[in-house]
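> make a model of this:
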Amino acid sequence: MAYQVISNQTEINNSEIALGVKLNFNNPGVFDLNYLSIDQAVDNLKNLLLTRKGERVHKVNFGTPLLDILFEPNVSELKQEIEVSVTDAVAFWLPYISIEQFNIVTAEDDPNLPHNVSISITFGINGSLKSETVTVNADESGVVNIE
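Residues are numbered from 1 along each chain as shown. Model (predicted):
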């Protein structure tokens, strides 16, 4: 999470302090800012989930194998492998996030599902009452959508 150094101020209005840059997939080149911790946590989690291990220079262990796991054969161990890889990465890289609910639905569970795999992660920030949900959907054409 980003830190902002402030000097010569005795009172700080938190609505004026940006915590980080918002992920903006629909408007490349535009950098919006996050002012709430929960919004920054959502973007941090999305960034972690969409980054493959080894992709970042000097942080080769950052990320998850999620994008590779999603397109492995849909066997019974797939759900457990997804959950373990994501929860381990979140515990290490984003320890301030508490996963409250982890739900994985495959085409085997719901034949009407428009995606092969749908993963919903409901989480909160330690010490906060607000929860958010991030959903990852993958289909057989290789398209991954994150909301």
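> in the helix or strand where Thr133 lies, what's buried?
Following DSSP states H and E, the helix or strand that holds Thr133 is strand 131-138. Residues 132, 134, 136-138 are the ones in strand 131-138 that count as buried (16 or more other Cβ atoms under 10 Å). (C-beta placed from N, C-alpha, C; glycine too.)
> cool, and stretch 81-95?
So for stretch 81-95, counting by 16+ other Cβ under 10 Å, buried means 82-83, 85-86, 89-90, 93-94.
> list just the nearest of these to Ser118.
Within the buried residues of stretch 81-95, proximity to Ser118 (Cβ to Cβ) peaks at Ile82, which comes in at 10.9 Å.
> need the three-state assignment for that closest one.
helix (DSSP: H, G, I helix; E, B strand; the rest coil).
> picking that back up, inside helices: which ones of the buried residues of stretch 81-95?
Residues of the buried residues of stretch 81-95 located in helices (DSSP state H): 82-83, 85-86, 89-90, 93.
> and these, which is closest to Val42?
Relative to Val42, the closest of these is Val90; by Cβ to Cβ it sits at 12.5 Å.
> does the closest one touch Ile99 like I think?
Yes - proximity of Val90 to Ile99 meets the contact threshold set by Cβ atoms under 8 Å, at 6.2 Å.
> quick one: common contacting residues for these two?
Common contacts of Val90 and Ile99 (Cβ atoms under 8 Å, 6 or more residues apart in numbering): Phe123.
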